[in-house]
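In: 3D, please:
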Amino acid sequence: MDHKKAFLLSALFAVNFLPLFSQNREVPVRENVPLDSIRLSDPFILADKNTSMYYMTGTGGMLWKSRDLQKWTGPFKVVKPDTTSWMGSHPMIWAAEIHYYKGKYYYFATFTNRDVKIDTVRGNVIERRACHVLVSDKPDGPYMPMADPTYLPANMPTLDGTLWVDKDGKPYMVYCYEWLQNWNGTIEKIALKPDLSGSVGKAKLLFRASDSPWSKERNKDGNIIPNKVTDGPWLFRTQSGRLGMLWTSWIFNVYTQGVAYSESGTLDGPWIQEKEPITPPNYGHGMLFRTFEGKLLMSLHSHKEGQNGRSIRYPHLFEVDDAGDRITVNVTLTSGQQ
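Out: Numbering: from 1, shown residues only. Alright, predicted model coming up:
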C-alpha cells in the first residue's frame, strides 16, 4: 500500500466510523447477542475470575458482558475521561483494554482529540492522539482518570498501549509510535508508576515496522519495500517461559498479524521476527486470554467491505496452543463472521 493510499484509507476509516469511536452517542443495551452479530474493532476480552464474567471492549470504548463467550449483553458506557484535559470534550477511543492489576481494573486506551493538530508531515495533518490509563474498582467501571495528565510526549502520536510486567517486577506500557509522523512505525516501552497512575522516565525502542520480513508495500516507484505500520502489540509467555509479542501490519492492502520473540526473555529483546504471519490474511490486532475452563483463545478482528466501500470489522476467536516455544493457532476453530 503506497503512502498516499494508506493515509487516505486511515482518514476515510476515521470519518466513516467516528460515531463508533466515541462514547458520546446513546446506544440501546441489547441482551443475548451472538458474537458474530457484534461489529467491533480491536476486540479485547478480560476473563474476570472475581465475577466469573467475560468483559469485551475495544475501539469505541464500549463494554459487552458474557458468561459463556457465545451470548453477549451490551454495549455499556464505562469510560469517564476528563473532558477538560488534552482529550477534549468528545475524544475518539481506540483499542481499549482492561487489565486487572493489584486489586484494581485499569483501562488502557488510545484517545484522540481531533480539534488539536500536533504536526504536519508530508502534507498530512496529525491530530493529538495518545495512550492513556484510567482506573476503576469494578470491571464494568466507571473508569476514571488518575494522577498524571499525560503518559507520553504530547508531540508524538501514540496508540495501542498495553500492560506488561517484566522480569524485573516493574509494570510497563508497550505501545506504538504511529507511522504517520516517523514514517517507520515503532513499538516501544515506557515504565509505569507502581499504581499505573503515570509514566516514569523515557521510552525505549523495541523494534521498527521495517524489521518485519513479512509485511510489505509498494513505494511510489512500484518497488516492494517493508510496510511502515505497527499496530496492536500484545505480550505473552509460552508454557516454556518464552516471551513473545503479537503485533499487526499489512501485506500490501491486507491486514495481517505476525509474532516476534525476545531472545533475552525480557522487553529489552532483541526481538526476532517470525518469517511468516501467525494467522491467515485479513485478521489482526490479536490478544490472548484463557477461558475459565483453561482453554487459551486469541481474540482478534477481520475486515469486510460493506456498502459504499466502508470497512466492517467483526470479532473472532481462535484456539491457540502455547505448549512449546512458539504459539500455534488453530484456524479451523473460529467464532464470528467470515
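In: can you tell me which helix or strand the residue in the chain sticking out farthest from the centre belongs to?
Out: Most distant residue from the mean C-alpha position of the chain: Asp221, 31.8 Å away (C-alpha atoms, centre = their mean). Asp221 belongs to no helix or strand when elements are defined using DSSP states H and E.
In: roughly how far apart are it and Ala209?
Out: 19 Å (C-beta to C-beta, to the nearest Å). The way it works is simple: take the backbone N, C-alpha and C, and place the C-beta from them, glycine included.
In: And for Val125?
Out: In this structure, Val125 and Ala209 are 21 Å apart, going by C-beta to C-beta.
In: More neighbours: the two, which one.
Out: For Val125 versus Ala209, the count of surrounding residues by other C-beta atoms under 10 Å is larger for Ala209: 25 against 11.
In: Look up phi and psi at the more buried one.
Out: phi -60, psi -40 (degrees, to the nearest 10).
In: Would you agree it is in contact with Ser249?
Out: Yes: look at Ala209 against Ser249 with C-beta atoms under 8 Å: they come within range, at 6.0 Å.
In: shared neighbours, the two?
Out: Residues touching both Ala209 and Ser249 (C-beta atoms under 8 Å, 6 or more residues apart in numbering) are 185, 215, 227, 229-230.
In: Can you say which two of those are spatially most distant?
Out: Gly185 and Ser215 (10.0 Å; C-beta to C-beta).
In: any common contacting residues for these two?
Out: Residues touching both Gly185 and Ser215 (C-beta under 8 Å, 6+ apart): 209, 229, 249.
In: give me every residue that touches the first one.
Out: Residues in contact with Ala209, defined by C-beta under 8 Å, 6+ apart, are 179, 184-186, 215, 226-230, 249.
In: Show me which of those is closest to Ala95.
Out: Ranked by distance to Ala95 (C-beta to C-beta), the contacts of Ala209 are led by Thr230 at 12.3 Å.
In: What count of nearby residues applies to that closest one?
Out: 30.
In: do Asn253 as well
Out: The number of residues packed near Asn253 is 12, by other C-beta under 10 Å.
In: now swap in the one 3 residues further on and tell me
Out: Residues within reach of Thr256, counting by other C-beta under 10 Å, total 23.
In: Same check on the one 3 residues further on?
Out: Val259: 20 surrounding residues under other C-beta under 10 Å.
In: I figured it was touching Ile327, is that so?
Out: Yes: counting by C-beta under 8 Å, Val259 touches Ile327, with 6.9 Å between them.
In: Which residues are in contact with each of those two?
Out: Taking C-beta under 8 Å, 6+ apart as the contact rule, the neighbours common to Val259 and Ile327 are 244, 278.
In: re the thing from before, what pLDDT does the residue farthest from the centre of the chain get?
Out: Reading off the confidence values, Asp221 has pLDDT 95.
In: strand partners of the helix or strand where Glu31 lies, parallel vs antiparallel please.
Out: If you go by DSSP H and E, Glu31 is part of strand 30-34. Counting by DSSP bridges, the strands paired with strand 30-34 are strand 71-77 (antiparallel).
In: Look up the closest residue to Ser240, ignoring the ones flanking it.
Out: Computed as C-beta to C-beta, 6 or more residues apart in numbering, the closest residue to Ser240 that is not its neighbour in sequence is Asp325, at 5.2 Å.
In: no wait, Thr238
Out: Asp322 is the one closest to Thr238 (C-beta to C-beta, 6+ apart), at 4.5 Å.
In: from what I can see that neighbour touches Leu243, true?
Out: No: contact criterion C-beta under 8 Å: Asp322 and Leu243 do not qualify, at 11.8 Å.
In: Mind listing the shared neighbours of the two?
Out: Shared contacts of Asp322 and Leu243, defined by C-beta under 8 Å, 6+ apart, comprise Phe236.
In: More neighbours: the two, which one.
Out: Counted by other C-beta under 10 Å, Asp322 and Leu243 do not tie: Leu243 has more neighbours, with 21 against 18.
In: ok, Ser41 touching Ser302?
Out: No: assessed by C-beta under 8 Å, Ser41 is found out of contact with Ser302, at 10.2 Å.
In: shared neighbours of the two, anything?
Out: Contacts common to Ser41 and Ser302, judged by C-beta under 8 Å, 6+ apart, are Arg313.
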